[in-house]
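Asks: Could you work out the structure for the sequence below:
(chains A and B)
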Amino acid sequence: MSFFGITRTTLTKDVRLEWRSKDAINAMLFFSLLVVVIFSFSFDPTAEESRRIAGGLVWVAFLLAAIVALNQTWARELRNQVLDAYRVSPAPANALFLAKAFGNFIFVTVLEALMTPLFIVFYKLRALGPTWELLPIAALGTWALVVNGTFFAAISLRTRSREIMLPLLLFPISIPALLGMVNATTAILTGEGSARFWIALLVAYDVVFTIACLLLFETVLEAE
Amino acid sequence: MGDVQRIFYYHVPSAWTAFLLFLINFVASVVFLIRRDTKADILALVTAEVGVVFCTVVMATGPIWARPVWGIWWAPTDIRLNSTLVLWLIYVSYLVLRRFSTSSKTASLAAALAVFGALDVPLVYFSIWFFRTQHPSPVIGGGGYLYPAMARALLINWAAFLCLAWLVCWTRYRLEVVTREVEEAQALESLLEGSR
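Replies: Down below sits the predicted model:
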């Protein structure tokens, strides 16, 4: 079976399992909703201010939702020693990594698609800059969080306090990506300044860390 | 500036020492990933620990100096300040991983994290640099002229800090080597006991 065949098979398996049980996705959808509501109660700005801070609020909310999604990435593989079975199979480790990363990307995108209309409603948001640029920003930013998050979720499998290790490892490394996402979104919403540099930064971040994850994932997977 | 300027002689050498130690950590991590040499792993651990201590000194002395001189504790757009903060965060997370890991291959995991941290550093620098060009910086008065005699004092101080860092690293290295030997001996003993 080819590399991408393995990736596709693993990805469809995960999506199918999740679609049939819907346990994780329901909990995460509700969590995302709660995050938006709590933010709307905590930060209650006027329409003018809201455009300036909405970028930061939205991406912090997405980050929290992504952490919840990432924490359960490998949970299913730990039961019944599926991870060990994968390790002894001839399938390349990177195929598994990409499948998990794409799966998480789909998950987090679904969560973002739910949270965005709620944010627009609660904060009366309307973009003053080119709105279509928000799509590549969302995609690049989500991939930045997801690729490193999947990698660090695999690292934190081998630690105590697994759930807290993931954010501890992920947040410092993600700071430049977070700056990029937030400032790009704010630039679009306020219409001031160009998001071009921030999009370029996000592209650079994504390329560098996708390559790093693909090179080092085998090491992490084999660490017993 | 007054007496508070003397913090400079602690702050700057600590920063240079911390950066040097983190660089050694990165090189040792890469060497470990390529060659799986235990000595490289211990060197990485030791330089990370001592580097975090020096970096903490930098982060603590910085605001103490900044408050009387700039009038603020922290400058959100200052590039060196924020880059050093992120570096500190990355290495503290490195030490947390080392401490919390239950794997027998902790060294590999930590080395992977060190490589990620090193890749992140230039990205952090550029992102804060562009952030600064978009946001007004605080008015930081005063020139940066350093008399040659004071530059000499600074370098002598740095040499002293490097000696201290080397001494602590060397002691910690010996301690780690002995600790691992003891652990291996204990593990072997309990294995043999169990088979009897």
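Asks: Skip the chain neighbours and tell me the closest residue to A:T186.
Replies: Nearest residue to A:T186, sequence neighbours excluded (CB to CB, 6 or more residues apart in numbering or on different chains): A:G55, at 3.6 Å. Where C-beta positions appear, they are placed from N, C-alpha and C, glycine not excepted.
Asks: and that neighbour, how far is that from chain B?
Replies: Separation of A:G55 from chain B (CB to the nearest CB, to the nearest Å): 13 Å.
Asks: wait, that residue sits on A:L189?
Replies: Yes - applying CB atoms under 8 Å, one finds A:G55 in contact with A:L189, separated by 6.0 Å.
Asks: ok, how many other residues are close to the residue nearest to A:T186?
Replies: When neighbours are counted by other CB atoms under 10 Å in any protein chain shown, A:G55 registers 22.
Asks: So what does it have for phi and psi?
Replies: Phi and psi for A:G55, reported as degrees, to the nearest 10, are phi -60, psi -50.
Asks: List the buried residues for stretch B:101-116?
Replies: B:101, B:103, B:105-116 (16 or more other CB atoms under 10 Å in any protein chain shown).
Asks: quick one: that stretch near chain A?
Replies: Yes - using CB under 8 Å from any CB of the partner chain, stretch B:101-116 comes into contact with chain A via B:101-106, B:108-109, B:111-113, B:115-116.
Asks: Equivalent analysis for stretch B:176-196, please.
Replies: No - for stretch B:176-196, no contact with chain A is found by CB under 8 Å from any CB; the gap never falls below 15.2 Å.
Asks: Show residues contacting that stretch.
Replies: Around stretch B:176-196, the neighbours that count as contacts under CB atoms under 8 Å, 6 or more residues apart in numbering or on different chains are B:T38, B:I42, B:L45, B:V46.
Asks: between these, which is closest to A:W19?
Replies: Nearest to A:W19, judged by CB to CB, of those is B:L45 at 44.3 Å.
Asks: Report how many residues lie close to the closest one.
Replies: With other CB under 10 Å as criterion, B:L45 counts 22.
Asks: Please verify my assumption that it contacts B:A110.
Replies: Yes - contact criterion CB under 8 Å: B:L45 and B:A110 qualify, at 7.4 Å.
Asks: Could I get the average pLDDT for the helix or strand containing A:A61?
Replies: Secondary structure assignment for A:A61, by DSSP states H and E: helix A:47-71. For helix A:47-71, mean pLDDT is 85.
Asks: Could you pull out the buried residues of it?
Replies: Buried positions in helix A:47-71, judged by neighbour count with 16+ other CB under 10 Å: A:50-51, A:54-59, A:61-71.
Asks: okay, and for chain A, where does confidence drop off?
Replies: Low-confidence segments of chain A (pLDDT under 70): A:45-48.
Asks: Skip the chain neighbours and tell me the closest residue to A:F119.
Replies: A:V58 is the one closest to A:F119 (CB to CB, 6+ apart), at 5.5 Å.
Asks: A:T142 now?
Replies: Distances taken as CB to CB, 6+ apart place A:V108 nearest to A:T142, at 5.3 Å, with adjacent residues excluded.
Asks: quick one on the thing from earlier: quick one, which of the contacts of stretch B:176-196 are buried?
Replies: Neighbour counting with 16+ other CB under 10 Å marks B:I42, B:L45, B:V46 as buried within the contacts of stretch B:176-196.
Asks: how about the residues of chain B near chain A?
Replies: Close to chain A, as judged by CB under 8 Å from any CB, chain B has residues B:33, B:86, B:89-90, B:92-93, B:96-97, B:100-106, B:108-109, B:111-113, B:115-117, B:119-120, B:123-124, B:126-128, B:130-131, B:134.
Asks: if we go to 6 Å?
Replies: Residues of chain B found near chain A (CB under 6 Å from any CB of the partner chain) are B:86, B:89-90, B:93, B:96, B:100-105, B:108-109, B:112, B:116, B:119-120, B:123-124, B:127, B:130-131.
Asks: Near chain B, which residues of chain A are found?
Replies: Residues of chain A found near chain B, taking CB under 6 Å from any CB as the criterion, are A:155, A:158-160, A:168-169, A:172-173, A:175-176, A:179, A:197, A:201, A:205, A:208, A:212, A:216, A:219-220, A:223-224.
Asks: mind redoing it with 7 Å?
Replies: Residues of chain A lying near chain B by CB under 7 Å from any CB of the partner chain: A:155, A:158-161, A:165, A:168-169, A:172-173, A:175-176, A:179-180, A:183, A:193, A:197, A:201, A:204-205, A:208, A:212, A:216, A:219-220, A:223-224.
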